[in-house]
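In: Provide a 3D model corresponding to the input given below.
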Amino acid sequence: MASGGVEGSAELRIDGAAKRFGEVAALDGVSLQVARGELLTILGPSGSGKTTLLKVVAGFEKPDAGSVKIDGVEITALPPARRDIGMVFQNYALFPHLTVERNVAFPLEMRNVTKAEIARRVAEALALVELAGYEQRLPRQLSGGQQQRVALARAIVFNPRLLLLDEPFGALDRKLRETMQLEVRRLQRRLGLTTIFITHDQEEALVLSDRIAVMNKGTIQQIATTTEIYERPANDFVADFVGESNIFHGTMSGTGVVTLEGGRQLRVSTSAVPGKRVGVLMRPERFASGGINAFAGEVVESVYLGTSFKLRLACEDGLELLVRQPARGELPAPGARATFGIDPDAIHVF
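Out: Below you'll find the predicted structure:
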């Protein structure tokens, strides 16, 4: 388990993966590629197909169509035990009657590794997840975070070509979840291990990923870097699912001008041609007290969030906006009048 890149860390390619359960298309022709050493997060709501896709990669589900390849070699029909893939689940899946040491050693024992090599690799894996000294404890004697570290050590101890994590922090409290996110990212970068991470948590995806694949109804809506997914979503679904948003629709009525459905005109920075129907995204935190595109109205809801104020503004022309502002001074009370603006460069047109 060498630092700086696991032996055999691999490139993954999925082409046209399809899977139906009765009338439901869990996967509808999904294709994606994960580069060697990359951490790709598959993000989507419940029922979007993300866990089915993970099971197809792991070998727990056979696709109705399509192929799965690791380093160019097709593994679609290969049983899970022969894929050399490490997995971490939300429920840890530890053996309750085995010690930490024996749990981590299990994949090596199944591969007939020598006792001396098992001892060396287990010690190294436990040190990597900061559990040295816990070798003889049973799972029930560990906290949730410690149990998840044991599961992670077990998943990497045999030098897998690929690591799959299926919502591994869902059972942890928020603070511990955030700590584990950073630990997984640190470990993944240190090992250079090709990783697919499944989550429905948008913040988790933004923290962890090199790239994010957003899924909905069995299809990939967009694959891009974290910045691009947030700043330049491809469609309404991605814009709404990732982060807070104000989404409107309209028509390009001139160069750099969108006329919204209610008649309001916005100055925007886009190459979209006049006459084209477009979507408009304005992130709540992009508004300021001034700006070219001004929105005046009444505060109908205001919430103090520590570092920011979250306001809902009912505009005079009927639009409703979500606005976030730094928490300075008094929190505007419902009924107060306010005006906010947003620069053309801060508006995403899609």
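
In: Tell me the backbone dihedrals of Ser31, please.
Out: As for Ser31, its main-chain torsions (degrees, to the nearest 10) stand at phi -130, psi 140.

In: what about it, neighbour count?
Out: 13 (other Cβ atoms under 10 Å). In short, each C-beta sits where N, CA and C put it, glycine included.

In: Excluding sequence neighbours, find me the nearest residue to it.
Out: Closest residue to Ser31 apart from its sequence neighbours, by Cβ to Cβ, 6 or more residues apart in numbering: Asp15 at 5.1 Å.

In: which parts of the host helix or strand of the one you found are buried?
Out: Using DSSP states H and E, Asp15 maps to strand 12-21. Residues Leu12, Arg13, Ile14, Asp15, Ala17, Ala18, Lys19 are the ones in strand 12-21 that count as buried (16 or more other Cβ atoms under 10 Å).

In: Going by distance to Thr195, which of the residues you listed wins?
Out: Leu12 (9.9 Å; Cβ to Cβ).

In: Tell me where the stretch 151-300 of the chain has helices.
Out: For the stretch 151-300 of the chain, the helices defined by DSSP state H, counting those that start in this stretch occupy 174-191, 202-208, 226-231, 236-241.

In: looking at these, which is closest to Arg120?
Out: helix 174-191 (16.4 Å).

In: And the closest one, what does it pack against?
Out: In terms of contacts (3 or more Cβ pairs under 8 Å, 6 or more residues apart in numbering; DSSP states H and E), helix 174-191 is packed against helix 115-128, helix 144-156, helix 202-208.

In: got the buried residues for it?
Out: Buried, per 16+ other Cβ under 10 Å, within helix 174-191: Arg177, Met180, Gln181, Glu183, Val184, Arg185, Leu187, Gln188, Leu191.

In: right, and the third one touches Pro168 too?
Out: No. Shown here, Gln181 and Pro168 do not form a contact pair, counting by Cβ atoms under 8 Å, at 9.6 Å.

In: so who does Met110 touch?
Out: For Met110, the contacting residues are Ala81, by Cβ atoms under 8 Å, 6 or more residues apart in numbering.

In: Would you mind confirming that Gln222 is in contact with Ala234?
Out: Yes. Between Gln222 and Ala234 there is a contact at 4.1 Å, judged by Cβ under 8 Å.

In: who's more crowded, these two?
Out: A direct count of neighbours by other Cβ under 10 Å for Gln222 and Ala234 places Gln222 higher, at 20 against 16.

In: Any figure for the gap between that one and Leu208?
Out: According to Cβ to Cβ, to the nearest Å, Gln222 and Leu208 sit 17 Å apart.

In: try Ala17
Out: Going from Ala17 to Leu208 by Cβ to Cβ gives 23 Å.

In: same thing with Gly275?
Out: To Leu208, Gly275 is 41 Å away according to Cβ to Cβ.

In: What of Leu43?
Out: Leu43 is 10 Å from Leu208, by Cβ to Cβ.

In: ok, back up a step: need the helices and strands packed on helix 174-191 in CSV (columns: mean pLDDT and mean neighbour count).
Out: Formatted as CSV, the helices and strands packed on helix 174-191 follow (pLDDT from 0 to 100; neighbours: other Cβ atoms under 10 Å):
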stretch, mean pLDDT, mean neighbour count
helix 115-128, 96, 16
helix 144-156, 94, 23
helix 202-208, 94, 19
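
In: Could I get these in TSV, plus columns for distance to Phe89?
Out: Output for the helices and strands packed on helix 174-191, formatted as TSV (distance: least, Cβ to Cβ, whole Å):
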stretch	distance to Phe89
helix 115-128	17
helix 144-156	7
helix 202-208	16
